[in-house]
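Trainee: I need the structure of the sequence given here:
(2 chains)
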Amino acid sequence: EAQVTQNPRYLITVTGKKLTVTCSQNMNHEYMSWYRQDPGLGLRQIYYSMNVEVTDKGDVPEGYKVSRKEKRNFPLILESPSPNQTSLYFCASSNRYTQYFGPGTRLTVL
Amino acid sequence: ELKVEQNPLFLSMQEGKNYTIYCNYSTTSDRLYWYRQDPGKSLESLFVLLSNGAVKQEGRLMASLDTKARLSTLHITAAVHDLSATYFCAVDIMGGSQGNLIFGKGTKLSVKP
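Mentor: Numbers count the residues shown, from 1 in each chain, chains lettered A, B, ... in the order given. Here you go, the predicted model:
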């Protein structure tokens, strides 16, 4: 089954404790991206990647890092999480016409 | 700065009625997407509109794109409760490459008996 998976699905952590949210897709897509969703703000792009080792900032990249060492994986790294990064995070991968979204990761930073 | 504006942001409808959600965007793009999101769920792709004048229909939903007016519409015909969800439009700003999308804030649709 074609899918985008994210882990963990839920995470509660404390300020400053480094964390990684993994994202994997099995559709051989070149393009992957990360979004955060906040009430009243819709979805905002954090980072995107057009291929292995090619990444670029989206609209809200501050406080986040990404890497793309393999085509199927695109992890999101929070080196020092802060409470304003409490949000719902979605990973997505794209073919030429459609983005496929993962199930989401609900992150709470205390 | 690219802006994607949806209206209304909240829509309460009665079953059987028709309504239209509007999506305006501020820069040139010939590729627009509509998504549906149920509470607590991920986004589901509804329509991909790839050119001026494109029209797509699925069940009670019909989407259209006017690139000259920078406007897309999502028309709901004879609404039913199962259509209750939040609907997002998104504009591709990379010239149709592969999905660097800017989203509208979403329209929360509630269909009541």
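Trainee: residues touching residue B:84, list them.
Mentor: By C-beta atoms under 8 Å, 6 or more residues apart in numbering or on different chains, the residues touching residue B:84 are B:109-111. C-beta: built from backbone N, CA, C; applies to glycine.
Trainee: Could you find the closest non-adjacent residue to residue A:34?
Mentor: Among residues not flanking residue A:34 along the chain, residue A:46 sits closest, at 4.3 Å (C-beta to C-beta, 6 or more residues apart in numbering or on different chains).
Trainee: which other helices and strands contact the helix or strand of chain B with the lowest mean pLDDT?
Mentor: Across the helices and strands of chain B, the lowest-confidence element by mean pLDDT, DSSP states H and E is strand B:101-103, at a mean of 88. The contact analysis (3 or more C-beta pairs under 8 Å, 6 or more residues apart in numbering or on different chains; DSSP states H and E) places strand B:101-103 against strand A:42-51, strand B:85-92.
Trainee: on that earlier part again, kindly provide the distance from the residue nearest to residue A:34 to chain B.
Mentor: Distance of residue A:46 to chain B, computed by C-beta to the nearest C-beta, to the nearest Å: 12 Å.
Trainee: so that residue makes contact with residue A:58?
Mentor: Yes: using C-beta atoms under 8 Å, residue A:46 is in contact with residue A:58, at 5.2 Å.
Trainee: Between these two, which has more neighbouring residues?
Mentor: More crowded of residue A:46 and residue A:58, by other C-beta atoms under 10 Å in any protein chain shown: residue A:46, with 24 against 19.
Trainee: quick one: the more buried one and residue B:78, what's the gap?
Mentor: 39 Å (C-beta to C-beta, to the nearest Å).
Trainee: tell me which parts of chain B are close to chain A?
Mentor: Taking C-beta under 8 Å from any C-beta of the partner chain as the contact definition, chain B meets chain A at B:33, B:41-45, B:48, B:50, B:88, B:90, B:97-106.
Trainee: Repeat the analysis, applying 10 Å as the threshold.
Mentor: Within reach of chain A by C-beta under 10 Å from any C-beta of the partner chain, chain B has these residues: B:1-2, B:4, B:6, B:9, B:31, B:33, B:35, B:37, B:40-45, B:47-48, B:50, B:86, B:88-90, B:92-94, B:96-106.
Trainee: Return a PyMOL selection command for the buried portion of these.
Mentor: Selection of buried members from the residues of chain B next to chain A for PyMOL, criterion 16 or more other C-beta atoms under 10 Å in any protein chain shown:
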select buried, chain B and resi 4+6+31+33+35+37+42+43+47+48+50+86+88+89+90+92+93+98+99+100+101+102+103+104+105+106
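Trainee: Good, wrapping up.
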